[in-house]
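Novice: Quick one: sequence plus predicted model below, questions after.
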Protein chains: 2
Amino acid sequence: MQKGLASSRLRRYPLNNVFELIETKRDGKRLNPSQIEWFIKGATSRRIPDYQVTAMLMAIFFNGLDRDELSAWTAAMLHSGEVLDFGHLDSSVVDKHSTGGVGDKVSIPLAPLVAACGVSVPMMSGRGLGHTGGTLDKLESIPGFSTQLDSDTFKTMVATHGMVLAGQSETLVPADRLFYALRDATATVPSIPLISSSIMSKKLAEGLDALVLDVKVGSGAFMKDLGSARTLAKTMVDIGASHGVAVSALLTGMDQPLGREVGNANEIRESVEVLRGEGPADLTELVLELGAEMLLTGSAAQSREEAQDRIRSAVDSGAGLQKLADVVTAQGGDANALEDLALLPSAEENMTINADRSGIVARCDAHAIGVAAMRLGAGRETAADKVDHAVGIRVLAKIGDRVEAGEALAALSYNNPARLATATAILSEAWSIVDGPVDVPPLILETIR
Amino acid sequence: MQKGLASSRLRRYPLNNVFELIETKRDGKRLNPSQIEWFIKGATSRRIPDYQVTAMLMAIFFNGLDRDELSAWTAAMLHSGEVLDFGHLDSSVVDKHSTGGVGDKVSIPLAPLVAACGVSVPMMSGRGLGHTGGTLDKLESIPGFSTQLDSDTFKTMVATHGMVLAGQSETLVPADRLFYALRDATATVPSIPLISSSIMSKKLAEGLDALVLDVKVGSGAFMKDLGSARTLAKTMVDIGASHGVAVSALLTGMDQPLGREVGNANEIRESVEVLRGEGPADLTELVLELGAEMLLTGSAAQSREEAQDRIRSAVDSGAGLQKLADVVTAQGGDANALEDLALLPSAEENMTINADRSGIVARCDAHAIGVAAMRLGAGRETAADKVDHAVGIRVLAKIGDRVEAGEALAALSYNNPARLATATAILSEAWSIVDGPVDVPPLILETIR
């Protein structure tokens, strides 16, 4: 409908540059690196009003950013604030980022295992929103543990312990905080260039040598299908390449929760189980694969076999668990809670969701279970909500499991009975049980490097 | 690239309504009338922040508004402020709107001719920007003439004189002032639904029985091609129909200036010539056709022939010129300047642009001539500029005219020699002279009702 409409009246006379940049992207043309840098600096300093920033973001939603634009856009975001530099360390510096799922506590056992293998992990994590939990919320169920560290403490932790588990620093990538708030208000979150530049600018600002991405695919993930997950992964691998950082991505299934525990203290318990070598098979496998990939991309192992062996050894020797205990202590937490899991918060009430028939589990819906956990208080409906670290859901039957009528599918821990009704209503629809047979979906779908 | 990306994280939890409305339009789905009314009320009252309004405007730029949405959108804009009501008048109430061109002084002779035929014309006009002049600027070259009338004076003028020539009232359609300012800053001006709702909301707020549109097509117009002009015209006719107002649209050529005069006092002089029956053929024809269309759509004539005869009689009898003189006097102006055109502002210096060869004029570029007049000071590069009412361009050779080498193509009147160089540079490229023959483009291309 816009064809043939020319804005010559506007184009031919003096204009602020913002207008021309929005118009360029609106028309599907390419922005050059200096235009992108100028726009992001202007937006971050608030010289460019938000109403022009959101028009640009919506134009990008429709017309995208090509590879060169996206590299420049990410670089400009990355340089909008402090950029960490761990060049003085002997070890290589590698992080992992997950696009988010239900029961995804991987960071908590993974970071200490990799650090125990001699690779530094300056891990910055987020909080839960909606059906997905957040690593920071989970860590804060350890009594006393502090995730809000200043920049110097953050760097000292990495230098001293080879790792840190902290929240996003206020000093890194201020452009992303502005853009994310505006995207969240203007329906421009689900855009691959905007998602990938947001993730990669924050990770590249950590001063990494390498990065491993865990791109979740399925009902409990942001990406519902393999195609869009693959596009997102490739886009981020490309951005890494254009910044000289080795990035590899595992595409992993998120149709059902990862592991068995969903909730904050619940997921700390399961993380410790992994570090003890007693974790559930899927979670243990993913920690092993992501850890091996981190050692490989960080050039800390010669082969996949060697890398896997070193991660397994860090479990078997207890070095990973000891590393987590050291970090918990250094960040003000009570490391005894990792020894005696009863010291973690626990809920007052328990109940189960039971199978209404016998058969094989064909569906164990990650999204529904995530929403139910949020309703119990484990997560946030809005950013202002407080989480209850004690409540959660233990998933007792996953896809492919045989269950009998009346057997428990899930065990709920809760404090507020008023929250129970909506959670159980959601959970009553979360499992499908069939006569079978059922194909168990693979956990690791693809690796993109 | 957005396919398969679901924003379920955001969609399933409490959200402000604005987000959902932007998301709906972003995804090309339809907004219902109550959503549209709520959005426009919220935007106008500033409860909805501008950064959400501009995201919506950009989504509309890409995905448009269907017929029902556009009717509701226009109605909501229209009702964002005062709506005039001339129901107490015996006469029908009809206005004309032009999408703007170069040398387009049609309103100035047209309104008094139609008013002299017994149809009320509550004409609200705009100021010039860029290469197009504005009726208000032209009228203000008449000494003492005031175009800024309060609402009561505006209505009294219509009741007493059957017409008024004034600026857009501050009380009408505040939504449009906001939207236009935001569109102008975010490259969302050239959108047919946004253009048509802007025009139609302002015109419908005048309390009209009927409206005649002059949609300009060509180098000097906003619409460069017939297809987009036709779409715009049909869209506005449809909006009128959905509001019970008869709207017809003439599509008219704007590859070369209308008439011979471009500038403010220049165009008042030519308007008076039309009212004296001494105007150039093209301008006289367009005034006659638009006037006849206004009488017909306003049910003030039974046939086109009768309508044309009545307009012609209003010229021949001097009733049109007398009506303009009465209105000029009533609005504080010196009507003597319409008798003695030497009382209008005149520039200090004159020069001509001459043909560099003999032949037939094949191009007389409206856009270039409009820009040159603006550079001389007749128009504004930015809204803050002041206009010089005395300066202008008299076009001496139009398409199809035979010229000899060295003969004047245009006569410039100017005050500031520093402004001359860019104007003459532009004008030196504005004419093409060929051996011929040349097809003279038709003035009236189509009528849409």
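Specialist: Received, thanks. Numbers count the residues shown, from 1 in each chain, chains lettered A, B, ... in the order given.
Novice: Show me the beta-bridge partners of the spatially most central residue of chain A.
Specialist: In chain A, the centroid-proximal residue (Cα atoms, centre = their mean) is A:Ser98; its distance is 3.4 Å. Per DSSP bridges, residues listed as beta-bridge partners of A:Ser98: A:Asp214.
Novice: Touching, it and A:Ile108? I think so.
Specialist: No: judged on Cβ atoms under 8 Å, A:Ser98 makes no contact with A:Ile108 at a distance of 11.6 Å. (Each C-beta comes from the backbone N, C-alpha and C, glycine too.)
Novice: Would you map out the domains in chain A?
Specialist: Here chain A is described, according to automatic domain parsing, as comprising the domains A:2-63, A:94-341, A:346-434.
Novice: hey, which of these is tucked in deepest?
Specialist: Each of the domains of chain A was assessed for mean neighbour count using mean count of other Cβ atoms under 10 Å in any protein chain shown. The highest is domain A:94-341, with a mean of 22.
Novice: Could you work out the end-to-end span of it for me?
Specialist: One end of domain A:94-341 sits 29 Å from the other (Cα to Cα, to the nearest Å).
Novice: Tell me which stretches of the stretch 1-150 of chain A form helices.
Specialist: Here the stretch 1-150 of chain A has its helices, by DSSP state H, counting those that start in this stretch, at A:8-11, A:17-26, A:33-44, A:50-63, A:67-78, A:107-116, A:135-139.
Novice: Indicate which one of those is closest to A:Asp225.
Specialist: Distance to A:Asp225, taken as Cβ to Cβ, is lowest for helix A:50-63 among these, at 18.8 Å.
Novice: touching chain B at all, that closest one?
Specialist: Yes: shown here: helix A:50-63 in contact with chain B (Cβ under 8 Å from any Cβ of the partner chain) through A:50-55, A:57-59, A:61-62.
Novice: Give me the nearest residue to A:Ala36, chain neighbours excluded.
Specialist: One correction, residue A:36 is Ile, not Ala. The shortest distance from A:Ile36 to any residue other than its chain neighbours is 4.4 Å, reached at A:Ala72 (Cβ to Cβ, 6 or more residues apart in numbering or on different chains).
Novice: Wait, that neighbour touches A:Pro33, no?
Specialist: Yes: the pair A:Ala72 and A:Pro33 passes the contact test of Cβ under 8 Å, sitting 3.9 Å apart.
Novice: still on that earlier bit, as JSON lines, the helices of the stretch 1-150 of chain A with mean pLDDT and distance to A:Met254 would be great.
Specialist: Rendered in JSON lines, the data for the helices of the stretch 1-150 of chain A read as follows (pLDDT from 0 to 100; distance: least, Cβ to Cβ, whole Å):
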{"stretch": "helix A:8-11", "mean pLDDT": "37", "distance to A:Met254": "46"}
{"stretch": "helix A:17-26", "mean pLDDT": "94", "distance to A:Met254": "32"}
{"stretch": "helix A:33-44", "mean pLDDT": "96", "distance to A:Met254": "31"}
{"stretch": "helix A:50-63", "mean pLDDT": "97", "distance to A:Met254": "24"}
{"stretch": "helix A:67-78", "mean pLDDT": "98", "distance to A:Met254": "25"}
{"stretch": "helix A:107-116", "mean pLDDT": "98", "distance to A:Met254": "15"}
{"stretch": "helix A:135-139", "mean pLDDT": "97", "distance to A:Met254": "16"}
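Novice: right, so of those, which gets closest to B:Arg26?
Specialist: Each of these was scored for nearness to B:Arg26 using Cβ to Cβ, and the closest is helix A:50-63 (6.7 Å).
Novice: Okay, angle between the closest one and helix A:33-44 too, please.
Specialist: Here helix A:50-63 runs at 130 degrees with respect to helix A:33-44, directions being taken by axes from the mean of the first three to the mean of the last three Cα atoms, to 10 degrees.
Novice: Show me what residue of the stretch 251-400 of chain A gets nearest to chain B.
Specialist: Across the stretch 251-400 of chain A, no residue is closer to chain B than A:Glu381, which sits at 4.8 Å (Cβ to the nearest Cβ).
Novice: one step back: the residue nearest to A:Ile36: neighbouring residues, count only.
Specialist: With neighbours defined by other Cβ atoms under 10 Å in any protein chain shown, the count for A:Ala72 comes to 21.
Novice: For it, give me its contacts.
Specialist: With contacts defined as Cβ atoms under 8 Å, 6 or more residues apart in numbering or on different chains, A:Ala72 is in contact with A:31-33, A:36-37.
Novice: Contacts for stretch A:433-447, please.
Specialist: For stretch A:433-447, using Cβ under 8 Å, 6+ apart, the contacting residues are A:217-218, A:226, A:230, A:233, A:248-253, A:255-256, A:282, A:285-286, A:289, A:293, A:355-362, A:399-400, A:403.
Novice: Distance from the chain centre to stretch A:252-271, please.
Specialist: Its chain's C-alpha centre lies 13 Å from the corresponding centre of stretch A:252-271 when counted by Cα atoms, centre = their mean, to the nearest Å.
Novice: Show the end-to-end separation of that stretch, please.
Specialist: Where stretch A:252-271 begins and where it ends lie 18 Å apart, using Cα to Cα.
Novice: where's A:Ser146 relative to A:Gln331, distance?
Specialist: The span separating A:Ser146 from A:Gln331 equals 5 Å under the rule Cβ to Cβ, to the nearest Å.
Novice: A:Leu136 too?
Specialist: To A:Gln331, A:Leu136 is 11 Å away according to Cβ to Cβ.
Novice: shared neighbours of those two, which are they?
Specialist: Any residue near both A:Leu136 and A:Gln331 by Cβ under 8 Å, 6+ apart counts here, and that gives A:Thr147.
Novice: show me the contacts for A:Ala405.
Specialist: Contact partners of A:Ala405, counting by Cβ under 8 Å, 6+ apart, are A:355-358.
Novice: Also near chain B: which of the residues you listed, exactly?
Specialist: On the criterion Cβ under 8 Å from any Cβ, none of the entries of the contacts of A:Ala405 sits beside chain B.
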